[in-house]
Each structure stands twice: as structure tokens, then as C-alpha cells.
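here you go, sequence then predicted model.
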Amino acid sequence: MNTDDPVQALFLPDELYDFQEGHFDRVIRHYRETHVSSWPEDVPGLPPLLQRLRGLHPEQDTQTHIVHLASAGEILPHVDNIEASGSWILGVSLGDERVLRLEHTSSPEEVYNISLPSGSVYLQR
């Protein structure tokens, strides 16, 4: 982890977190997660950031699901259950750089690997 980056410096070493080994559907490994129903307004810099993200996804009725992956954590290829998670996914990558791997469901040879450096945002719908 590059601790010269102020965003990455916010994270503690992996051993100080209580990461779960595997998700119930077996597609997420070495992670911790939470759902957020509201955001604090008194955290410096947070309200403008949330406004920028809402500009990408302006619907008010959204679920906020935070997944924190360990350094060795991963989310395996899967198809999301839109009844459980909604039809939009807006991801913000913080901490170490990750790779988002997209595979076509009916053509598995059609694969896209997308680098997600810290601070990047992606939107799936």
C-alpha cells in the first residue's frame, strides 16, 4: 500500500481489521461490509464528495453498501441479484489499486480487465 497517498493512508494494516473469509454466496473473499442508511454531515470534505456521486446516480431511493476488501481480498465474477442490490452499481475504489474484471455472461471469452486506481469511480447499470 502506498501511504504517500492521503486516501490510502486512511487505512490501517489488514491485521487490525476483522475481515470475513467468505460471503454467503461465495463471490467475495477476505472482506468486511456494512450498509449505510445516512451519512454524517460534519465530516470535512464528505458532503461535496457525496453530491458529486449523486450527480452520477441522482435517484434518491438507493442502498449504500460498503465493501472493504483486504489486500488479498477479491470479488469473483458473478451476476448481481437486482432484487437485492438494485439495478445500478456505483463503485468508488479507495486504497490499493484493483482490477475490475467484466465477463460477458453468454460469451465467456469476451473479457475486459479495467484498472481501478484509488479514487476512481465506476457505474454499472
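Received, thanks. Residues are numbered from 1 along each chain as shown.

figure out how far the lengthiest strand in the chain is from the centre of its chain.
The residue-count maximum for a strand in the chain (DSSP state E) belongs to strand 64-75. Offset of strand 64-75 from its chain centre (Cα atoms, centre = their mean, to the nearest Å): 6 Å.

tell me which residues of that strand are tucked away?
Leu69, Ala70, Gly73, Ile75 (16 or more other Cβ atoms under 10 Å). Where C-beta positions appear, they are placed from N, C-alpha and C, glycine not excepted.

test my guess that the last one contacts Arg26.
No. The pair Ile75 and Arg26 fails to qualify as a contact (Cβ atoms under 8 Å) at a distance of 10.9 Å.

and the buried residues of strand 64-75, which is closest to Asp18?
Closest approach between those and Asp18, by Cβ to Cβ: Ala70, at 10.4 Å.

so who does the closest one touch?
Ala70 makes contact with Asp14, Tyr17, Phe19, His30, Tyr31 under the criterion Cβ atoms under 8 Å, 6 or more residues apart in numbering.
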